[in-house]
Structures are given as C-alpha cells and as structure tokens.
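**Q** Any chance you could fold what I've pasted below:
(one chain, ligands or ions: 1)
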Amino acid sequence: MFDPSGARVLVTGASSGLGAALSVGLAERGAVVGLCARRADRLAEVLEQVREHSPGSRSWTVDLADLDRIDGFARQVTEELGGIDVLVNNAGIPKRRWAWQHRPDEIAEVLRLNVESPIRLTTALLADLAASSGHVVMIGSVAARLAPPNEAVYSASKAAVTAYAEGLRVDLGVAGVPVGVHVVQPGVLSTELFELPDNDPSLSDVEPLPPTAIVDAVLGALVSGAAETFVPEWFRDLPPVKAGDLDGFLRGAIEYTQGRLAALGAPLPEPPGAPS
Ligand SMILES: NC(=O)c1ccc[n+]([C@@H]2O[C@H](COP(=O)([O-])OP(=O)(O)OC[C@H]3O[C@@H](n4cnc5c(N)ncnc54)[C@H](OP(=O)(O)O)[C@@H]3O)[C@@H](O)[C@H]2O)c1
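**A** This is a model prediction of the structure:
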C-alpha cells in the first residue's frame, strides 16, 4: 500500500493553487517533494513551507509548455531526487471561451500544456517510475466528463488526458509493469485559475472547496489504487446520468446555462460570424 513517508514526488504546477496545497500536504506526511512551475518567486514561497516538514525537498523553474525541455528536465528530476515514486501532472491552464471564439494560438497553448506536456513528461519518467513501482496521477477536471459551457477546448484537453491515463493503465497492465495510473477530477476549488486574464468570467455556481481538498483526493487515489477520483465526491454520480441519456443531459446543460446567464444579467454568446 502507498505510504507517503519518504516517497519522492514530483508535483508540476506547484507555485499556486492545487499544486501548492498538494506539495505542502504531502510534505506534512513525510514525502520528499519536487516542485516545478515558471514563477520562481512563488515557487520559493511554497518550497519554504514544504521544507518546514521535508528539508530534502527542492524546486525547479521550468516552462512545461517548452516540450523540447521535457526529457532533459525529467533526467534532472530523477538525478536530483535520486529516483521518483510519484509523478503528479497538475500544471494546467483554463480557457473559458465560447467554442467558436477560441483563437488558434490559444487552442494550441491549451493542448500543448494540458495534454502534450503531461504525456511527454509521463513517458520520460515511466522507466524510473517502473523501477520504484510508482504512480502517475493526472489532475484532470470534471470538465472531462460533464460538457460544461464556455470551456469546449479546455474540456477536450482534460478528456484527452483522462483517456490517455486509461489507455496507459491498460498498456502497463498488459506489459505487467507495476505503475499505478490515477486520474483525479476536481470540480471547483478556489484557486487563481478563476482569475487568470484572457478568459471569460466563470459561469460556475458551485460552492468552491478550499484547494487543500486535493490532498485527501490524491492520497486516497494512491492508497486505494482507484483509476478515477472526483473532488468533491458527489460529482461521481453525474457521468452515469450523462451516459444514460446524453441528448437529454446536453439539452439540460443548454437550458441551465441560458438560465444562468439570465440570472447573471449576462448576454447570450454572439453567434459564429457575428461582428465582434
Ligand atoms: N481549481 C479548480 O477548481 C480546478 C478544477 C478542475 C481542474 N483543475 C486543474 O487543476 C490544475 C491546477 O490548477 P489550479 O486550479 O491550481 O490553478 P493555478 O493556481 O492557476 O495553478 C496552475 C499551476 O500551473 C502552473 N503552470 C501554468 N503554466 C505552466 C507552464 N507553462 N509551465 C509550468 N507550469 C505552469 C502554474 O505556475 P506558473 O504560472 O508559475 O508557471 C501554477 O502553478 C490544472 O490542471 C487545472 O486544470 C482545477
């Protein structure tokens, strides 16, 4: 059974939000945490908290959207941590935009960071994870399963890593490789993701959980071995409803969103081709 004490864990996107909360939570339980992200100042603040519990932890400033750097970064991590037991692919960006309004550059940006980068990093670290009978955790989103409005490209990115994780689990199983693969699908946790520029305002009316809710979800997945975990857990009940009546579910999503926009006093989206 997974024991966080002494586990060497790489958390991507550890400078804020869920990655920061998870890094501190794992360090409190004795893990040696490797943190990475782009903002050196924010990483340093999180590393300081992490080292209060786990002095051997460290951080790297890296742009994970620079795919050519991934293999070299993976080698550096395993050398400096002395191996790796858990990779948490958490770094990600949102894109709240009506489906036809996405710019080509932002479609590429979302897919590069949310999909290509974690797949490349996982691939680069897989032999080392196999050597330690380790684990890969993908931080997806309930958007992977629920077709939320105003997030079609983001949802596609999270569905892609969810499908990748399922396929990876099967392929590793076929080969008899002892690496656990888990997807954790957060709902709404209070982080900077909802404040980032170049995004439409969030339409969510779900009461946000604190970012620390991610800690028990990830630990629960590692200990139980579960393929998919939702935070909060009640989101687990929704995908079967959607699968049972996809047309009805999507019709309901349209009606619900139109009502939500009206309640917010916000206009309906401009149709494709409307002058901007
Ligand atoms: N909060 C929620 O309710 C929620 C719901 C569903 C899914 N999620 C997922 O949870 C994950 C974490 O998001 P969050 O809510 O914690 O938001 P956040 O506070 O904005 O954290 C995002 C993290 O990703 C890092 N990052 C962004 N671009 C990067 C890049 N190019 N290279 C390296 N690191 C990069 C950011 O650090 P730097 O800017 O310093 O690089 C930051 O540490 C994301 O995958 C998100 O999709 C969150």
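**Q** remind me which residues of the stretch 151-276 of the chain are low pLDDT?
**A** By pLDDT under 70, the low-scoring segments of the stretch 151-276 of the chain are 276.
**Q** near the ligand, which residues of it?
**A** Residues of the stretch 151-276 of the chain lying close to the ligand by CB under 6 Å from any ligand atom are 186, 188-189, 191-193. The way it works is simple: take the backbone N, C-alpha and C, and place the C-beta from them, glycine included.
**Q** how about the strands in this structure?
**A** Residue ranges of the strands in the chain, as given by DSSP state E, are 8-12, 32-37, 58-61, 86-89, 135-139, 180-186, 228-231.
**Q** Name every strand pairing with the fourth one and say which way it goes.
**A** Here strand 86-89 is paired, per DSSP bridges, with strand 8-12 (parallel), strand 135-139 (parallel).
**Q** Please apply the same query to the second one.
**A** Sheet pairing here is set by DSSP bridges, and for strand 32-37 it gives strand 8-12 (parallel), strand 58-61 (parallel).
**Q** May I have it exported as CSV, CA atoms only?
**A** Extracted in CSV, the C-alpha atoms of strand 32-37 (Å, rounded to 0.1, in the frame of the first residue of the first chain):
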residue,chain,number,x,y,z
VAL,A,32,10.2,14.4,-0.4
VAL,A,33,8.6,16.8,-2.9
GLY,A,34,10.0,18.2,-6.1
LEU,A,35,8.1,21.3,-7.1
CYS,A,36,8.1,22.9,-10.5
ALA,A,37,6.5,25.8,-12.4
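**Q** From the chain's centroid, how far away is it?
**A** 15 Å (CA atoms, centre = their mean, to the nearest Å).
**Q** Same question for that strand: list its buried residues.
**A** Across strand 32-37, burial judged by 16 or more other CB atoms under 10 Å covers 32-37.
**Q** That one and the ligand in contact?
**A** Yes. Applying CB under 6 Å from any ligand atom, one finds strand 32-37 in contact with the ligand at Ala37.
**Q** Also the third one?
**A** No. In this structure, strand 58-61 remains apart from the ligand according to CB under 6 Å from any ligand atom; the gap is never smaller than 8.3 Å.
**Q** Check what contacts that strand and list those residues.
**A** 14, 34-40, 43-44, 46-47, 73, 76-77, 80-81 (CB atoms under 8 Å, 6 or more residues apart in numbering).
**Q** From the residues you listed, list just the buried residues.
**A** Buried by 16+ other CB under 10 Å: 14, 34-37, 43, 46-47, 73, 77, 81, out of these.
**Q** could I get these as TSV with pLDDT?
**A** Output for these, formatted as TSV (pLDDT from 0 to 100):
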residue	pLDDT
Ala14	99
Gly34	98
Leu35	99
Cys36	99
Ala37	99
Leu43	98
Val46	99
Leu47	98
Phe73	98
Val77	98
Leu81	98
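**Q** Report the two of those residues separated the most.
**A** Using CB to CB, the two most remote members of these are Val46 and Phe73, lying 18.1 Å apart.
**Q** re the thing from before, could you dump the buried residues of strand 32-37 to TSV with distance to Pro272?
**A** Shown next, in TSV, are these (distance: CB to CB, whole Å):
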residue	distance to Pro272
Val32	50
Val33	45
Gly34	44
Leu35	42
Cys36	38
Ala37	35
